[in-house]
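K.L.:
Fold the following for me, if possible:
(chains A and B)
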Amino acid sequence: MSYRLGPTTTPDTKFFWDGLKEGRILVQRCKGCARLRHPPRPMCPHCNSLEWDTIAASGRGTVHSFVLPRHPQWPWFEGTYVVALVDLEEGVRLVTNLVDVDPAEVTIGMPVEGRVEHFDDGVSLHQFRPRSPR
Amino acid sequence: MSHPLRGRAAIAGIGQTEFSKESGRSELQLACEAAKAALDDAGLSPRDVDGLVTFTMDSSEEAEVARNLGIPRLTLFSRIPYGGGGACAVVHQAAMAVATGAAEVVVCWRAFNERSGMRFGGAAMAGATTLPPFLDMVGPYGLLTPASWVALQARRYMHEYGVTNEHFGRISVVDRKHAANNPAAWFHGRPITIEDHQASRWIVEPVLRLLDCCQESDGGVALVVTSTERARDLRHVPAVVLAAAQGCADDAELMTSYYRPEISGLPEMGIVAEQLWRQSGLRPADVQTAFLYDHFTPFVLVQLEELGFCKRGEAKDFATVERLSIGGELPINTSGGLLGEAYIHGMNGIAECVRQIRGTSCNQVDGVEHVLATAGTGCPTSGLILGRA
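P.N.:
Numbers count the residues shown, from 1 in each chain, chains lettered A, B, ... in the order given. Okay, the predicted model is just below:
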């Protein structure tokens, strides 16, 4: 059984988690000025518009930073796991896990690709893997 | 023209409980003990107090503290958010109240059983089945402790400037060296070497080892703020507030400000620094000693850069054990800091700054004219410069 501690959604973040359940990494786009923003929030900090829609991210990005949390051990993770900041090619950054990679091989700037993983407890999260640079 | 806050208020009293891992009494009692000790230190009575300021995270109600101390009349009560980021801001708030006449004598306090009661780190999340909403974007991926939040940001700082964990270890060595000489410090008599630091286990690899992370403590600290004029007639040399400031930068979060174009700085401390130097009319070279908030060692290096003690990316060369220890050019955290003395959300560091101004520190720096204190970093924060009257 593979499970994760799930989010507590709010009216501002529900679209993001619903998107993951449907297998998509959604990024908020302002309808006023078309700028993308993440994490989700109700108002555009550039034009103050409250109107927004979303785009589905390609999932392609690069590693901006990463760490290996060692202590404490959590029931949700077995052994070594990698937490990373990934810069998506669309221009926003998110916190994620890097999987299917030897932690010793991870580097800042590494090209990665994300897709959604559905855990056994119903939690859906994006997870990133190394990709060949384009 | 002089800044309207500069020199108007002073810290006239400091008080603290013992620093322990299990106080055995309520947080309210710790708050009252620290406040009474600070008033005794100043030579003032609870009846003189008309203002109270604490942290939003503090569990003791102002009215409860007032009824225990016997404060008959309060005209100012205020709280500061963002945990340790509020440490210097409580004094800022008190100084503004004194300068405007909103209150004459203000007690600032922070008291908690952070070790034996509700803890902030992994213990807080053990057994959790849901996340608080502020952790939604990081918690599911395994960032569930302050150490891990700080580490992901600090890792990028290491990458950009060629900083290693050994560089961070120098801060631990300095703090523990100073704590070793402070009888009130939890780590009194227990200095460490850089080898000890490098041998301690990883908490978040490759950024934070055990000895990069501050301890958890039970205890309370209180400060009495009044007008500089009144403070001159009290028991001790006043620690005059020459500058006090808060700062919050664009796109900030509570310790997970990961979404800015650059994350290798602490821009909220840059905002604080700019105000501190402008208000005080001083430069970094005018400061003889400092308390730099040391919940996690990496951000002490970044603070040295944001405050202008060295240039961006140069803290790894600037922050030597010699320079930052007693006898060096800029001794920091002379009571041992949060790593060595106690974790009272930074308030114990401010109390130490007051002792440095008075000349009564157990690690007294020679010729102290100006002392700088900072508050918790990685979140909206605050800072102070204190001087002699």
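
K.L.:
gap between the residue nearest to B:Asn113 when sequence neighbours are not counted and B:Gly117?
P.N.:
Spatial nearest neighbour of B:Asn113, chain neighbours left out: B:Asp218 (4.5 Å); criterion: C-beta to C-beta, 6 or more residues apart in numbering or on different chains. Quick note: C-beta positions are derived from backbone N, CA and C, even for glycine. Between B:Asp218 and B:Gly117 the distance is 7 Å, computed by C-beta to C-beta, to the nearest Å.

K.L.:
Near chain B, which residues of chain A are found?
P.N.:
In this structure, chain A approaches chain B at residues A:4-10, A:13, A:38-39, A:45, A:64-72, A:74, A:76-77, A:81, A:83-85, A:92-97, A:108, A:123, A:125, judged by C-beta under 8 Å from any C-beta of the partner chain.

K.L.:
how about a cut-off of 6 Å?
P.N.:
Remark: the part of chain A in contact with chain B comprises A:4-5, A:7-8, A:10, A:13, A:39, A:65, A:67-72, A:77, A:81, A:83, A:85, A:93, A:95-97, A:108, A:125, using C-beta under 6 Å from any C-beta of the partner chain.

K.L.:
For PyMOL, write the selection for the buried entries among these.
P.N.:
Entered in PyMOL, the line below selects the buried ones among the residues of chain A next to chain B, by 16 or more other C-beta atoms under 10 Å in any protein chain shown:
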select buried, chain A and resi 4+5+7+13+39+65+67+68+69+70+71+77+81+83+85+93+95+96+97+108+125
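
K.L.:
And A:Glu1, what's its pLDDT?
P.N.:
Small correction: residue A:1 is Met, not Glu. The score at A:Met1 is 64. That number is its pLDDT.

K.L.:
before we move on, back to that, if you look at the residues of chain A next to chain B, which of them are in strands?
P.N.:
Secondary structure from DSSP state E places A:Ser65, A:Val67, A:Leu68, A:Pro69, A:Val83, A:Leu85, A:Arg93, A:Val95, A:Thr96, A:Asn97, A:Leu125 of those in strands.

K.L.:
JSON lines for those residues, including pLDDT?
P.N.:
Rendered in JSON lines, the data for these read as follows (pLDDT from 0 to 100):
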{"residue": "A:Ser65", "pLDDT": "98"}
{"residue": "A:Val67", "pLDDT": "98"}
{"residue": "A:Leu68", "pLDDT": "98"}
{"residue": "A:Pro69", "pLDDT": "97"}
{"residue": "A:Val83", "pLDDT": "98"}
{"residue": "A:Leu85", "pLDDT": "98"}
{"residue": "A:Arg93", "pLDDT": "98"}
{"residue": "A:Val95", "pLDDT": "98"}
{"residue": "A:Thr96", "pLDDT": "98"}
{"residue": "A:Asn97", "pLDDT": "98"}
{"residue": "A:Leu125", "pLDDT": "97"}
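
K.L.:
For those, give me a markdown table that also has distance to B:Ala351.
P.N.:
Below are these laid out as a markdown table (distance: C-beta to C-beta, whole Å):
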| residue | distance to B:Ala351 |
| --- | --- |
| A:Ser65 | 35 |
| A:Val67 | 33 |
| A:Leu68 | 37 |
| A:Pro69 | 33 |
| A:Val83 | 36 |
| A:Leu85 | 37 |
| A:Arg93 | 39 |
| A:Val95 | 37 |
| A:Thr96 | 42 |
| A:Asn97 | 42 |
| A:Leu125 | 44 |
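
K.L.:
How about the contacts made by the residue of chain A at minimum distance from chain B?
P.N.:
Closest approach between chain A and chain B, counting by C-beta to the nearest C-beta: A:Pro72, at 3.5 Å. Listed by C-beta atoms under 6 Å, 6 or more residues apart in numbering or on different chains, the contact partners of A:Pro72 are B:Gly122.
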